[in-house]
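model this:
(one chain, ligands or ions: 2)
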Amino acid sequence: MIKIAIQKSGRLYEDSIQLLKECGLSIDNAKGQLKAQVRNFPAEILYLRNSDIPNYVANGIADIAILGQNVVEEKEVNIHSLLALGFSKCRLSIATPNATSYSSVKDLEGKKIATSYPATLYSFLQKNNITADVHVINGSVEIAPSIGLADAICDLVSSGSTLFKNNLTERDIILNSEAHLYCNPQSYNDKNDLIEKLRFRMESVIRARNFSYVLFNIPNDKIDLASSILPGLKSPTIVPLIEEHWSSLHSVIEKANTWETIDELKKVGAQGILISKVSKMVV
Ligand code: ATP
Ligand code: MG
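Ligands and ions are numbered 1, 2, ... in the order given. Coordinates of the predicted model:
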């Protein structure tokens, strides 16, 4: 039995639940529930506060967890990443009011900086030989400069719209973060089979998110040309059509290039192009 910690509500919650479900885990996630048994996998889900999870994993209360790198960095705990999950992408940045001049981190010398991430900020300041006055606040950090509480902030940014609304400009990125699957090192040894089983499922689901399945018809004398456009897993599958001199080609393509690939395939004579979703991809 493994214990999996996820955020009980907040930005990581939906994506974490969805990932676990796509990994085939059947979970009861009624609102307000703190613990749930997985019905078809020897696992229990613990719904916890994001900022508490690193310590729960470090001391073995939870064996694994879905967490942003930023919280793990902040808590300075000894837990290991098993997999980058590709969601909750953000960065921890220094921002100052639009009107202030800022040419380098040296401009933070002697300034007041508000943040919810003091440990990460201190180590950044130390690396840059800067002494500043760090104010720890737990929420609404972006309001600190306009109420006179700080000269700068150090906060998470994703689209930048919160900074924009508060007349702040992003100046320096301290770290980039995304959600990872983390584990307790001892649990990884003791429960390796189960943890690896889940990691493997997650990897297959995450990988599949970047690909689409493509199939189309093509005259036989254009197969080589069409194949050279497809960066598939190995090489495309070729199935002869009943109509003479024609084949159907099947492959996977990177989602990011779907439209470019379709354009190129059309140019070399592909017809009846179908693109469909890949839900799991095992290589
Ligand atoms: P909790 O309330 O559970 O203790 P929290 O208030 O830090 O934690 P959220 O604000 O829901 O939780 O953020 C959870 C995680 O989502 C962050 O730690 C970060 O990894 C990620 N994240 C992604 N984009 C952003 C963003 N723009 N602002 C804040 N967090 C973000
Ligand atoms: Mg919160």
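
ranges for the helices of the stretch 1-150 of the chain?
Counting by DSSP state H, counting those that start in this stretch, the stretch 1-150 of the chain has helices at residues 13-22, 53-58, 69-75, 118-127.

quick check: which helices or strands does the first one pack against?
Spelled out, that is helix 13-22. strand 2-7, helix 192-209 (3 or more Cβ pairs under 8 Å, 6 or more residues apart in numbering; DSSP states H and E). Where you see a C-beta, it was placed from the backbone N, CA and C, and this is true even at glycine.

got the buried residues for that helix?
For helix 13-22, burial by neighbour count (16 or more other Cβ atoms under 10 Å) applies to Tyr13, Asp15, Ser16, Ile17, Leu19, Leu20, Glu22.

let's see stretch 199-209 as PDB, backbone CA atoms only.
Output of stretch 199-209 as PDB, limited to C-alpha atoms (Å, rounded to 0.1, in the frame of the first residue of the first chain):
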ATOM      1  CA  ARG A 199       5.500   6.300 -12.200                       C
ATOM      2  CA  PHE A 200       5.400   4.200 -15.400                       C
ATOM      3  CA  ARG A 201       1.700   4.900 -15.800                       C
ATOM      4  CA  MET A 202       2.200   8.600 -15.300                       C
ATOM      5  CA  GLU A 203       5.000   8.700 -17.700                       C
ATOM      6  CA  SER A 204       2.900   7.000 -20.400                       C
ATOM      7  CA  VAL A 205       0.000   9.500 -19.800                       C
ATOM      8  CA  ILE A 206       2.300  12.600 -19.800                       C
ATOM      9  CA  ARG A 207       4.200  11.500 -22.900                       C
ATOM     10  CA  ALA A 208       0.900  10.800 -24.800                       C
ATOM     11  CA  ARG A 209      -0.200  14.400 -24.100                       C
END
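
buried residues, that stretch. List them.
Arg199, Arg201, Met202, Glu203, Ser204, Val205, Ile206, Arg207, Ala208, Arg209.

sorry, back to before: nearest to ligand 1, of the helices and strands packed on helix 13-22?
Nearest of the helices and strands packed on helix 13-22 to ligand 1, taken as Cβ to the nearest ligand atom: strand 2-7 at 5.0 Å.

is any part of that closest one close to ligand 1?
Yes: with Cβ under 6 Å from any ligand atom as the measure, strand 2-7 is seen reaching ligand 1 through Gln7.

tell me the mean pLDDT over that strand?
What strand 2-7 shows for mean pLDDT is 98.

ok, and what's touching it?
12-13, 16-17, 20, 42-50, 53, 56-57, 61-67, 187, 191, 194-195, 198 (Cβ atoms under 8 Å, 6 or more residues apart in numbering).

cool, stretch 259-268 as well?
For stretch 259-268, the external contacting residues (Cβ under 8 Å, 6+ apart) are Val214, Phe216, Ile218, Lys222, Leu225, Ala226, Ile229, Leu230, Ile253, Glu254, Ile273, Ile275.

what's the most distant pair in these?
Lys222 and Glu254 (21.6 Å; Cβ to Cβ).

more neighbours: which of these two?
Lys222 (16 against 12; other Cβ atoms under 10 Å).

leaving out the residues flanking it, which one is nearest to that one?
Spatial nearest neighbour of Lys222, excluding adjacent residues (Cβ to Cβ, 6 or more residues apart in numbering): Gly269 at 4.8 Å.

same thing with Ala62?
Ala5 (3.6 Å).

what residues are bridge-paired with that neighbour?
Assessed by DSSP bridges, Ala5 has beta-bridge partners Leu46, Ala65.

use 54 as the first number from now on
Let's use 54 as the start, then, which means that last one is Ala58.

please give the number of neighbouring residues around it.
26.

rewinding a little: reformat the buried residues of stretch 252-262 as JSON lines; add distance to Pro171.
Listed next are the buried residues of stretch 252-262 as JSON lines, based on distance: Cβ to Cβ, whole Å:
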{"residue": "Arg252", "distance to Pro171": "32"}
{"residue": "Arg254", "distance to Pro171": "36"}
{"residue": "Met255", "distance to Pro171": "31"}
{"residue": "Glu256", "distance to Pro171": "34"}
{"residue": "Ser257", "distance to Pro171": "38"}
{"residue": "Val258", "distance to Pro171": "35"}
{"residue": "Ile259", "distance to Pro171": "32"}
{"residue": "Arg260", "distance to Pro171": "36"}
{"residue": "Ala261", "distance to Pro171": "39"}
{"residue": "Arg262", "distance to Pro171": "34"}
